[in-house]
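S.K.: just coords:
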Ligand SMILES: C[S@@+](CC[C@H](N)C(=O)[O-])C[C@H]1O[C@@H](n2cnc3c(N)ncnc32)[C@H](O)[C@@H]1O
């Protein structure tokens, strides 16, 4: 009853503007793919191989937000008809979970736009859920829930309201299991800055075991969105920034403000901290020089780092492997990079030291 699915196309999704850099790394002559259908934030590529869709052979680059084996597109303006066609084609196949999500319509933060569940995607997801439960398909429960590593995921991607792509992939990473590769963050009403969204996504992606009471220092902490989230998690937070903090943060008894530039802070004062967060609007090498001088100081005992690295151009993303190598050389065993959905032209670097002496 189940049809084995194959495809010679892959897709990737990314932030608007990152497409060309990713294509240049994956397409001939550097990579095995040729360019196929492409829109801002959603690109399909063709290879010579007709691969089973549960194959793990999918590209993994820091600027790629979501990836999969592209199967087909369905065009029309009646969602009920498109859903019927898609289920007719794929309901009999061997998948576990269904995600429905929409291609980004803008860059993150542009006029309030944030990647993630759009009204349209929510509406179509509800329709899929109803259609599957009417057919007594237990997979109706899986629609837009987090898919576990190992699950076989079918995706319906609303590339345009009347052009839906269907793709499939085995869930290989935590972020593969988030609909569209976006960790759903609810912005609180009193959100101080977008940095709240960035750190709320960075923490689960980083897998750093941050606990209430942990001492965390943030370089570039003003006005305080990231500190807001860290304080909500019960951490003891110190913010370093010459600029003012929002008064709700400044007045929190678990917060301390060192009002200066990071270079002016004596290195030995970093001794009590377990985690370092850095979100200063400076060039990558300046961030890395600053953090290196702090974490390699003999009295420092950092277990984890969450660094926002600004990219002055998309081309600069090609330097990410060098950034990772440099951070590894400071003694961090696990060092990873990802452009988070809530990042702008920047990416998140996470590092964890796993040896017991730290
Ligand atoms: C993107 S904002 C930070 C947003 C902040 N993380 C939040 O949660 O709201 C960048 C900040 O970096 C600060 N900054 C730039 N260079 C710095 C340095 N050398 N030391 C400390 N802060 C710095 C700026 O003053 C600015 O407030």
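M.R.: Nice, I can see it. Since the structure is predicted, the reported quantities are computational estimates derived from the model, not experimental observations. Residues are numbered from 1 along each chain as shown.
S.K.: gap between the two ends of stretch 73-93?
M.R.: 17 Å (C-alpha to C-alpha, to the nearest Å).
S.K.: Correction: the previous question concerned stretch 253-271.
M.R.: Using C-alpha to C-alpha, one end of stretch 253-271 lies 20 Å from the other.
S.K.: doesn't residue 93 make contact with residue 5?
M.R.: Yes - using C-beta atoms under 8 Å, residue 5 makes contact with residue 93 at a distance of 5.7 Å. In this view, the C-beta of every residue, glycine as well, is placed from N, C-alpha and C.
S.K.: the more surrounded of those two?
M.R.: Set residue 5 next to residue 93 and count neighbours by other C-beta atoms under 10 Å: residue 5 wins out with 20 against 16.
S.K.: What number of neighbouring residues does the residue nearest to the more buried one when sequence neighbours are not counted come out with?
M.R.: Spatial nearest neighbour of residue 5, chain neighbours left out: residue 53 (4.4 Å); criterion: C-beta to C-beta, 6 or more residues apart in numbering. Residue 53 has 24 neighbours, counted by other C-beta under 10 Å.
S.K.: Can you tell me how far residue 53 is from residue 72?
M.R.: Using C-beta to C-beta, to the nearest Å, residue 53 is found at 11 Å from residue 72.
S.K.: residue boundaries of the strands in the stretch 51-200 of the chain?
M.R.: Assigned by DSSP state E, counting those that start in this stretch, the stretch 51-200 of the chain shows strands spanning 66-75, 97-102, 152-160, 163-170.
S.K.: The ones you listed: which one's closest to residue 46?
M.R.: Comparing the strands of the stretch 51-200 of the chain against residue 46 with C-beta to C-beta, the closest turns out to be strand 66-75 (9.1 Å).
S.K.: Quick one: name the residues of this protein near the ligand.
M.R.: Residues of the chain found near the ligand (C-beta under 6 Å from any ligand atom) are 193, 195, 219-226, 240-243, 261-262, 279-282.
S.K.: and the strands of the stretch 51-200 of the chain, which is most packed in?
M.R.: strand 97-102 (a mean of 26; mean count of other C-beta atoms under 10 Å).
S.K.: Output the below-cut-off pLDDT ranges for this protein.
M.R.: Counting by pLDDT under 70, the chain has low-confidence residues at 1-4, 356-358.
S.K.: Tell me how many other residues surround the residue of the stretch 51-200 of the chain found nearest the ligand.
M.R.: Nearest residue of the stretch 51-200 of the chain to the ligand: residue 195, at 3.0 Å (C-beta to the nearest ligand atom). Other residues lying near residue 195 total 25 when counted by other C-beta under 10 Å.
S.K.: how near is the nearest residue to it once chain neighbours are set aside to residue 191?
M.R.: Excluding its sequence neighbours, the residue lying closest to residue 195 (C-beta to C-beta, 6+ apart) is residue 225, at 3.5 Å. Residue 225 sits 6 Å away from residue 191, going by C-beta to C-beta.
S.K.: do residue 328 as well
M.R.: Distance from residue 328 to residue 191, by C-beta to C-beta: 34 Å.
S.K.: neighbour count winner among the two?
M.R.: Under the criterion of other C-beta under 10 Å, the comparison of residue 328 against residue 191 puts residue 191 first, with 16 against 13.
S.K.: Good, we can wrap up now.
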